[in-house]
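Colleague: Following is a predicted model, sequence given first.
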Amino acid sequence: METESPLRVFTELELMRYNGERGQRALIAFRGDVFDVTDCPQWRTGLHKNLHFAGIDLTEALADAPHAADVFTRPCVKRVGRLQPHRE
């Protein structure tokens, strides 16, 4: 029986390193989850629609998007971890 490995926890600083530039993967966060969008045509350059950069938490930005959170169920989107909560 195959067991699922635990998800990696990313800090905001670590997430910023995955901006899709210079051969890096393109990762984004949404509602505490981290997703790899490198293989999605709309994210190939690490920039989506000239509005959103990879490497950041897009939770608030999605509220103004012309699509819903169901985009995270597309085959090219892969959940790879969790975003470490803010500590104040």
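Modeller: Arrived safely, thanks for sending. Remember, predicted model here, so these are calculated numbers, not experimental data. Numbering: from 1, shown residues only.
Colleague: Mean confidence (pLDDT) on the lengthiest strand in the chain, please.
Modeller: Counting by DSSP state E, the longest strand found in the chain is strand 78-83. Throughout strand 78-83, pLDDT has a mean value of 95.
Colleague: list the contacts for the residue lying closest to residue 28 once chain neighbours are set aside?
Modeller: Excluding its sequence neighbours, the residue lying closest to residue 28 (CB to CB, 6 or more residues apart in numbering) is residue 58, at 5.2 Å. C-beta: built from backbone N, CA, C; applies to glycine. By CB atoms under 8 Å, 6 or more residues apart in numbering, residue 58 lies in contact with 28-30, 52.
Colleague: Please narrow these to those residing in strands.
Modeller: Reading strands off the contacts of residue 58 with DSSP E, I get 28-30, 52.
Colleague: Tell me the spatial nearest neighbour of residue 20, not counting adjacent residues.
Modeller: That would be residue 46: by CB to CB, 6+ apart, it lies 2.2 Å from residue 20.
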